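>>> here is a sequence together with a model predicted from it:
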Amino acid sequence: MYDDVLKKLVEGLKKTKGSLFPTSFAFYMIFALVPSLTIMQFFLSLFTIPADFLQNYLRVIFPNNIATSLIDFLSNSNSWENIISLLFNLFVSVIIISNGFNSFINVSNNLYHKKNNFIKKRLKSLLITIGFIVLLFLFFTLSAVMAYFIGETNVKAFGSVMQIFLEFIMLFILTLLLYSVASDKVLRIKDVWQGALFSAVGITISLSLFGLYSKYLSNFNNSYGPLTWLLILLLLFQLIGLCVYCGLLLNTIIKANRDRIKEALKNQEKNTLSIYELVNKK
């Protein structure tokens, strides 16, 4: 069974339509990154949450040179003092991120053999984007509360473990909700949790390994110069997009296998019932 799932997963990755998703995901996320961070910092400041929390996560997620560039931009940015700039950033972020989710809805509907409706897709992608931003804000708020608790109790080792656990749970919830609502096919949690778990684990490991690689092993600066940060972001987001797509593929494969087994059992039950009725008639 596991060999069959792995074989179908590899076959799915070879298909052109699906294999393009990680690239399109990376493209949209890079364009949305800076305005999204600006908006996030604004909302955190409304609740008097220090900018350090967002900056610390940038240092954890991204390599040093990228994190430093983004933090410098946020430190020097006063866009939240101008309501017009703020609204513009919010509009740009929502539109660009929703395009990324729109491409994911396309792929999801194709895998589940559902027709794509343009208006329905656009509305759904906007709603998913808003939900995504709200969940990110809740994540940083919870992190701030937990960091305060850790600072008060001086349990740093416990805090580090809880921080990793919280990040993993956040990724799992995000992918679980995304897989549940992206396709027009009605799906329950039992139909998507395996893929969400796979994606959350894959993204967590990928971020850690990529951070170590870019910090200690890579030699991007010598090869690409000023374009280094763009290349690293492209590779990083493409890796995340690949994990998300693999999780979706895994869900569709497991769902198809489960439906096939259910149909076989149903037919077997029907045949057994027919034989029983035939014997009784005789």
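Cool, got the structure.

>>> and Phe88, how far is that from Ile39?
Distance, Phe88 to Ile39, by CB to CB, to the nearest Å: 10 Å. Every residue, glycine included, has its C-beta placed from N, CA and C.

>>> the more surrounded of those two?
Comparing Phe88 with Ile39 by other CB atoms under 10 Å, the one with more neighbours is Ile39, at 23 against 14.

>>> model confidence over the host helix or strand of that one, on average?
Secondary structure assignment for Ile39, by DSSP states H and E: helix 21-46. Helix 21-46 shows a mean pLDDT of 77.

>>> quick one: residues contacting the residue nearest to the spatial centre of the chain.
Centroid-nearest residue in the chain: Thr175, 5.3 Å away (criterion: CA atoms, centre = their mean). Counting by CB atoms under 8 Å, 6 or more residues apart in numbering, Thr175 touches 195-196, 199-200, 244, 247.

>>> just name the closest of those to Met29, please.
Within those, proximity to Met29 (CB to CB) peaks at Val244, which comes in at 10.9 Å.

>>> that closest one reaches Phe25, doesn't it?
Yes. Contact criterion CB atoms under 8 Å: Val244 and Phe25 qualify, at 7.1 Å.

>>> who's more crowded, these two?
Val244 (27 against 23).

>>> which residue sits closest to the more buried one, ignoring its sequence neighbours?
Excluding the flanking residues, the one nearest Val244 by CB to CB, 6 or more residues apart in numbering is Ser199, at 5.4 Å.

>>> how close does that neighbour sit to Leu250?
Ser199 is 9 Å from Leu250, by CB to CB.

>>> try Glu167
21 Å.

>>> equivalent analysis for Leu44, please.
Counting by CB to CB, the gap from Leu44 to Leu250 is 34 Å.

>>> just Ser75 next, same as before
41 Å.

>>> can you check Leu212 too?
Leu212 is 26 Å from Leu250, by CB to CB.

>>> out of those two, which sits in the busier spot?
Leu250 (23 against 12).

>>> helix or strand: which one has that one?
helix 228-281.

>>> packing partners of that helix?
helix 2-14, helix 16-19, helix 21-46, helix 64-76, helix 83-111, helix 156-182, helix 189-212, helix 220-224 (3 or more CB pairs under 8 Å, 6 or more residues apart in numbering; DSSP states H and E).

>>> for those, give me TSV that also has distance to Leu235.
Listed next are the helices and strands packed on helix 228-281 as TSV, based on distance: least, CB to CB, whole Å:
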stretch	distance to Leu235
helix 2-14	17
helix 16-19	16
helix 21-46	8
helix 64-76	11
helix 83-111	17
helix 156-182	19
helix 189-212	7
helix 220-224	9
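
>>> would you single out the least confident of these?
Among these, helix 16-19 scores lowest, with a mean of 58.

>>> quick one: mean pLDDT over stretch 130-140.
Here the average pLDDT along stretch 130-140 is 77.

>>> kindly apply the preceding question to stretch 250-263 instead.
On average, stretch 250-263 scores 84.

>>> sec struct for Lys114, please.
What DSSP: H, G, I helix; E, B strand; the rest coil gives for Lys114 is coil.

>>> what about it, how many residues nearby?
When counting by other CB under 10 Å, one arrives at 13 neighbours for Lys114.

>>> quick check: it touching Asp184?
Yes. Assessed by CB under 8 Å, Lys114 is found in contact with Asp184 at 4.3 Å.

>>> and for Val244 and Phe25, which residues touch both?
Contacts common to Val244 and Phe25, judged by CB under 8 Å, 6+ apart, are Phe104.

>>> quick one, what contacts Val201?
Phe168.

>>> going forward, count from 435.
Happy to do that; since the first residue is 435 now, the last one works out to Val635.

>>> now it: how far from Phe535?
Val635 sits 22 Å away from Phe535, going by CB to CB.

>>> ditto for Asn550
Asn550 is 13 Å from Phe535, by CB to CB.

>>> out of these two, which sits in the busier spot?
Remark: of Asn550 and Phe535, Phe535 carries more neighbours, 24 against 13, as counted by other CB under 10 Å.

>>> check whether Leu447 really touches Cys680, as I assumed.
Yes. Between Leu447 and Cys680 there is a contact under CB under 8 Å: 7.3 Å.
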